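>>> no sequence on this one, just coordinates:
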C-alpha cells in the first residue's frame, strides 16, 4: 500500500513539474520580432499588409512609409483603431526611432496579435537608408 501511494505521489509531482515546464516555455515564446529596413521593404511587397505608424499626426504628415496607417500611440482612439486590424495577420509597427513602437508592440501582443514586427531604428533609419516616404 505504501509503495502504491509513493508511486502515486511521485507521478503527481512529475506531472506537475512537466506541466509547469511547458507553461514556462509557452510564456517565453515571443510574438514581437525586431526587423531591419530590408525586412520591412520585403514585407511591403505583400498585398494587404498591416503597417502602423504610431507617431503623432504631425510627425506622420512630415513623411511616412507608403502603406502605413497612422494610429497615434496613446491617442484618443487607439483602442478602436487597433480593433479594426486583423489579429491573425502580421502587423508591422514603427515610430521615429523605436521607443514608442516597442511599447505599442507589447500592447498589441497583450491584445492578442500573434505576429508583430517592429522596425529597428524606425522611420529615421528607413530614411537614412534612402527608402522613400510619402
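Sure thing, it's come through. Because the structure is a prediction, the values reported are computed rather than measured. Numbering: from 1, shown residues only.
>>> Which secondary structure element of the protein has the lowest mean pLDDT?
Across the helices and strands of the chain, the lowest-confidence element by mean pLDDT, DSSP states H and E is helix 2-28, at a mean of 45.
>>> For stretch 60-69, which residues meet the burial criterion?
60, 64-65, 67-68 (16 or more other CB atoms under 10 Å). C-beta coordinates here come from the backbone N, C-alpha and C atoms, glycine included.
>>> what residue is smack in the middle of this protein?
Nearest to the mean C-alpha position of the chain, by CA atoms, centre = their mean, lies residue 116 at 2.8 Å.
>>> Tell me how this protein divides into domains.
Following automatic domain parsing, one gets these domains for the chain: 1-29, 31-128.
>>> Distance to residue 134 added to these, as CSV?
Formatted as CSV, those follow (distance: least, CB to CB, whole Å):
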stretch, distance to residue 134
domain 1-29, 35
domain 31-128, 5
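>>> Need the winner for burial among the ones you listed.
domain 31-128 (a mean of 17; mean count of other CB atoms under 10 Å).
>>> And stretch 82-94, end to end?
For stretch 82-94, the first-to-last residue distance is 14 Å (CA to CA, to the nearest Å).
>>> Sorry, slip of the keys, the one I care about is stretch 73-85.
End-to-end distance (CA to CA), stretch 73-85: 15 Å.
>>> do the same with stretch 109-126
Start to finish, the residues bounding stretch 109-126 are 24 Å apart (CA to CA).
>>> got a list of contacts for it?
The contact list for stretch 109-126, computed with CB atoms under 8 Å, 6 or more residues apart in numbering, reads 31-37, 39-40, 43, 53, 55, 63-65, 82, 85, 87-98, 101-102, 105, 108, 128, 133.
>>> Tell me where the chain has helices.
Remark: helices assigned in the chain by DSSP state H are 2-28, 37-43, 57-61, 78-83, 99-110, 122-128.
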